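Q: Quick one, what's the 3D model for this:
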Amino acid sequence: MTGIKRALFFLTAILISIITFSQDAGSKPVGMADEMRSNGRIYVVVAVMLTILIGLILYLVRLDRKISKWEKSGSRD
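A: Alright, predicted model coming up:
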């Protein structure tokens, strides 16, 4: 379980660093993002991205538990 916590911490640290470095003050605004924000569609995009990310994380956690359970049952034989 510590491996999962370590991986999630590493993923969070990487995402935070990407977010902070990607916000350049000198860049010109992106028209598509402004349009999506004004229409409220940006929330749909964020919701879909979060759903996919949460689904992947849950899948990996479940897969890790199954593999751990399988390894423990196989070592008893």
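Q: Tell me the spacing between the residue nearest the centre of the chain and L8.
A: Centroid-nearest residue in the chain, with C-alpha atoms, centre = their mean: L53, separated by 4.3 Å. From L53 across to L8, the span is 11 Å (C-beta to C-beta, to the nearest Å). (Glycine included, C-beta is placed from N, CA and C.)
Q: How about V61?
A: Relative to L8, and taking C-beta to C-beta, V61 is found at 9 Å.
Q: count of neighbours near L8?
A: The number of residues packed near L8 is 13, by other C-beta atoms under 10 Å.
Q: contacting residues for it?
A: I57 (C-beta atoms under 8 Å, 6 or more residues apart in numbering).
Q: Repeat the analysis, applying 10 Å as the threshold.
A: Applying C-beta atoms under 10 Å, 6 or more residues apart in numbering to L8 gives the contacts 57, 60-61.
Q: Do you know the pLDDT at it?
A: Note on L8: pLDDT of 85.
Q: which SS state does it fall under?
A: Of the three states, L8 takes helix under DSSP: H, G, I helix; E, B strand; the rest coil.
Q: repeat for K5
A: Recorded secondary structure, K5: helix (three-state DSSP).
Q: And for it, the neighbour number?
A: Neighbour count of K5, defined by other C-beta under 10 Å: 9.
Q: rewinding a little: mind listing which of the contacts of L8 are in helices?
A: Members of those lying in helices (criterion: DSSP state H): 57, 60-61.
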